[in-house]
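Asker: The following block contains a protein sequence and its predicted model.
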Amino acid sequence: MTEPVPPRVRINFLPGVKQGWHGPSEADLEAAAQAALRAGDEGHAEGAELSVTLLPAEAMRALNRDYHGVDDVTDVLAFRLGEDPLLGDIYICPAIAEVSAGELGLDPGEEILRLVIHGVLHLLGHDHPDDEARYASPMFELQERLLARLLAEFRGRA
């Protein structure tokens, strides 16, 4: 019997993001991805390889334009590159996350963790409506449960 291959998560910062970074640590970003992988696991977590890249607004806008045909910046994009094992890339724009967090009265670091979880759930096949109904969707409910557990775990270790 072979040992299960644990998932691997790489955290990347593009130039212009790491300098002055006050968001979650790389370990916390990885923990968010791992938590979403475990919770959404339908055999996808074993051997999974994911990258989470934090990038400036201009780079996020270019990705959104080139891959979705939308010439606007967004907070998170997820691209599934393979299924067995799961391979995927998640891109997060901290500048947009910070604006969204401010508008909603949320902690910007917490919002970035939420986006990591959100991206992983998309890679696992979860989806949500594009309108206001998204906030009541099963995916968003799972996302918020996972985030609450993760934040409680972080508080417990402090």
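Answerer: In hand now; what should we look at? Numbers count the residues shown, from 1 in each chain.
Asker: give me the low-pLDDT residue ranges for this protein?
Answerer: The model of the chain has pLDDT under 70 over residues 1, 40-44, 158.
Asker: Determine the longest helix present in it.
Answerer: As assigned by DSSP state H, the longest helix anywhere in the chain is helix 138-157.
Asker: Let me know whether residue 45 touches residue 9 as I believe.
Answerer: No: between residue 45 and residue 9 there is no contact under C-beta atoms under 8 Å: 10.6 Å. For the C-beta atoms, the positions are set from N, CA and C on the backbone; glycine is no exception.
Asker: hey, what's in contact with both of those two?
Answerer: residue 37 (C-beta atoms under 8 Å, 6 or more residues apart in numbering).
Asker: Residue 16: what secondary structure?
Answerer: Each residue gets one of three states, and residue 16 gets coil by DSSP: H, G, I helix; E, B strand; the rest coil.
Asker: And the strands in the protein, which stretches?
Answerer: Applying DSSP state E to the chain gives strands spanning 8-13, 49-54, 76-83, 86-92.
Asker: Could I get those in TSV, plus columns for mean neighbour count?
Answerer: Below are those laid out as TSV (neighbours: other C-beta atoms under 10 Å):
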stretch	mean neighbour count
strand 8-13	16
strand 49-54	22
strand 76-83	15
strand 86-92	23
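Asker: Need the contact partners of stretch 56-75.
Answerer: The contact list for stretch 56-75, computed with C-beta under 8 Å, 6+ apart, reads 14-17, 55, 77, 79, 91-93, 95-97, 100, 115.
Asker: Could you give me the buried positions within it?
Answerer: Within stretch 56-75, the residues scored as buried using 16 or more other C-beta atoms under 10 Å are 57, 59-61, 63-64, 73-75.
Asker: Now tabulate those residues in JSON lines and tack on distance to residue 129.
Answerer: Below are these laid out as JSON lines (distance: C-beta to C-beta, whole Å):
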{"residue": "57", "distance to residue 129": "25"}
{"residue": "59", "distance to residue 129": "27"}
{"residue": "60", "distance to residue 129": "22"}
{"residue": "61", "distance to residue 129": "24"}
{"residue": "63", "distance to residue 129": "22"}
{"residue": "64", "distance to residue 129": "19"}
{"residue": "73", "distance to residue 129": "21"}
{"residue": "74", "distance to residue 129": "16"}
{"residue": "75", "distance to residue 129": "17"}
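Asker: All good on my end, thank you.
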